[in-house]
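Engineer: After the sequence you'll find the predicted model.
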Amino acid sequence: MFTGLIEDTGRVTARSGGVLSITTRLNDLRRGGSLAVNGVCLTMTAVTRRSSSEWLVSADVSGETMRRTAIGHLRTGHRVNLERPLRADALMDGHIVLGHVDCVVRLLRIIPQGVERRLYFELPASSEHLLAEKGSVALDGISLTVAEVTPRSFSVAVIPATWERTVLSDRRPGDPVNLEFDALARYAAAAPGHRGSSVTRALLERAGFLERNGRT
């Protein structure tokens, strides 16, 4: 599990078949551990020290991951967002990010607004119910707040710190971006009869928020 707070921007050094190699300044990495790469949870197959401050990490990428995410668009030299898994004793900033990308969307446009930027992305019609204004979304692994939702698009406001410390500053209109919906929104949408239903005691009991004898 991750938080969507990017720890480092690494750089792709090679992509040969299903093996992705990346340089990073992150330490405390281990073979067999997880690493979120542009929001995709990958398992590290090799970790090699290159210098006192740089590591080389390799990870196998399945054909399914190549097809379902924007990882397949990465080339040597591309920067990538990196985040290590959340520690049990760490502060829970950002929001719950699983590293399971739901879909790839295209960046539509970037509009400067004072010191920040408003980024607009396409939104599949079948996924409109998974986004809400002021809700959370992960784009290339970055935890962002949804600013606006329209029938076929949505936007996020990006502050200078996020723009400068992540690969969003590398993106141009038309570029593919990994999108992961808020896990809570996904589970709520999967609940039987969620559309148009009101919150009732029976619904809360089925969801586990109330015990069946009425106690909280």
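Structural biologist: In hand now; what should we look at? Values in this document were obtained by computation on a predicted structure and should not be read as measured data. Residues are numbered from 1 along each chain as shown.

Engineer: Identify each buried residue in stretch 137-154, please.
Structural biologist: By neighbour count with 16 or more other Cβ atoms under 10 Å, stretch 137-154 contains the buried residues 137-144, 146, 149, 153-154. To be clear about C-beta, it is placed using only N, CA and C from the backbone, and glycine gets the same treatment.

Engineer: again with stretch 50-60
Structural biologist: For stretch 50-60, by 16+ other Cβ under 10 Å, it's 55-59.

Engineer: what's the answer for stretch 171-184, then?
Structural biologist: Going by neighbour count (16+ other Cβ under 10 Å), the buried part of stretch 171-184 is 171, 176-183.

Engineer: Among the residues you listed, which one sits closest to Gly72?
Structural biologist: Pro176 (9.1 Å; Cβ to Cβ).

Engineer: Residues in a beta bridge with that closest one, which ones?
Structural biologist: For Pro176, the beta-bridge partners under DSSP bridges are Arg106.

Engineer: Can you flag which of the buried residues of stretch 171-184 belong to helices?
Structural biologist: Ala183 (DSSP state H).

Engineer: pLDDT averaged over the helix or strand hosting Ala188 - what is it?
Structural biologist: Per DSSP states H and E, Ala188 falls inside helix 183-190. Here helix 183-190 scores 75 as its mean pLDDT.

Engineer: Stretch 163-173 too?
Structural biologist: Across stretch 163-173, pLDDT averages out at 97.

Engineer: who touches the spatially most central residue of the chain in this structure?
Structural biologist: Nearest to the mean C-alpha position of the chain, by Cα atoms, centre = their mean, lies Gly141 at 2.8 Å. Gly141 makes contact with 2, 4, 6, 36-40, 81, 83, 97, 99, 178, 180 under the criterion Cβ atoms under 8 Å, 6 or more residues apart in numbering.

Engineer: Show me which positions of stretch 23-30 end up buried.
Structural biologist: Under the neighbour-count criterion of 16+ other Cβ under 10 Å, stretch 23-30 has 23-24, 26, 29 buried.

Engineer: So which of those sit within helices?
Structural biologist: Counting by DSSP H, the buried residues of stretch 23-30 place none of their members in helices.

Engineer: Now intersect those residues with the strands, please.
Structural biologist: Judged by DSSP state E, the subset of these located in strands is 23-24.

Engineer: Tell me, how many residues neighbour Ile71?
Structural biologist: The number of residues packed near Ile71 is 26, by other Cβ atoms under 10 Å.

Engineer: oh sorry, the question was meant for Val80
Structural biologist: Neighbours around Val80, by other Cβ under 10 Å: 27.

Engineer: That one against Ile6, yeah?
Structural biologist: No - using Cβ atoms under 8 Å, Val80 makes no contact with Ile6, being 9.7 Å away.
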